[in-house]
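K.L.:
Give the three-dimensional model of this entry:
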Amino acid sequence: MRKFILIVIALIISFALLFYIKPITFSYLTGIARVLEKSHNYDLKINSNQFTNRIYKSTKSFDNKSNHNFLILYLKDLEVNSKFKIIIVNLDDKIVGYPCTSTSCYDLLFGNLIQSEMGSFYVALENTSKGPGFNTDLKIENEKIDFFIPAKKGKKIHIQLSKK
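P.N.:
Below is the predicted model:
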């Protein structure tokens with residue numbers, strides 16, 4: 001009986017610690033977050049530096065009522081000099097935007113990108129009232145997607161996606 005109580009206490013402490021360190025896990029377990037699928041169809045270059053395993057895709061709205069074609073770039077943990085660490089490229093409407101980037105909106109868990117319902121919404125970088133009013137100069141041509149995001153010091157960061 002004592003071992004059972006210790007195991008239960010250890011599990012409770014483990015879950016509490018997990019929810020504290022990765023708050024999105026609670027959202028996932030309660031159904032208000034989802035796992036995004038990795039996109040292996042594109043190569044990612046940021047200012048001519050190649051990166052792997054940073055592109056995810058979303059093809060349905062959070063409520064599964066409509067289809068869309070979003071690429072989500074997870075730039076956290078990379079040495080990218082921008083305050084925008086998650087970028088959404090809406091391929092249907094040709095818009096580059098940014099979502100809520102707190103760990104309760106997006107986070108990596110065991111190599112999977114988890115997106116909360118709130119994280120599924122974005123603001124266009126070119127939006128002058130809600131966003132920074134930044135011209136991304138988005139170009140989608142055949143097998144390439146090319147655009148810029150703002151850097152912290154007023155410069156531009158060049159992002160290129162090429163189909164494999």
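
K.L.:
Remind me what the longest helix along the chain packs against, helices and strands.
P.N.:
When the chain is scanned for its longest helix (criterion: DSSP state H), the result is helix 2-21. Where contact means 3 or more Cβ pairs under 8 Å, 6 or more residues apart in numbering; DSSP states H and E, helix 2-21 is packed against helix 24-29. Placement of C-beta: from N, CA and C, glycine included.

K.L.:
which element follows the helix it packs on toward the C-terminus?
P.N.:
strand 33-38 (DSSP states H and E).

K.L.:
neighbouring strands for that following strand, and are they parallel or not?
P.N.:
strand 55-60 (antiparallel), strand 112-116 (antiparallel) (DSSP bridges).

K.L.:
what's the helix or strand following that strand in contact with?
P.N.:
With elements assigned by DSSP H and E, the helix or strand that comes after strand 33-38 is strand 42-46. By Cβ atoms under 8 Å, 6 or more residues apart in numbering, the surrounding residues in contact with strand 42-46 are 50-52, 54-55, 71, 73, 75, 78, 80, 145, 157-164.

K.L.:
Can you flag which of those belong to helices?
P.N.:
Per DSSP H, the contacts of strand 42-46 never map to helices.

K.L.:
Just the buried residues of these.
P.N.:
51, 54, 55, 71, 73, 75, 80, 145, 157, 159, 160, 161 (16 or more other Cβ atoms under 10 Å).

K.L.:
what's the lowest-pLDDT member of those?
P.N.:
Lowest in pLDDT among the buried ones among the contacts of strand 42-46 is residue 80, which has 85.

K.L.:
can you pull the contacts of that one?
P.N.:
With Cβ under 8 Å, 6+ apart, residue 80 has these contacts: 46, 157.

K.L.:
roughly how far apart are it and residue 3?
P.N.:
As judged by Cβ to Cβ, to the nearest Å, residue 80 and residue 3 stand 48 Å apart.

K.L.:
Residue 61 now?
P.N.:
Residue 61 is 47 Å from residue 3, by Cβ to Cβ.
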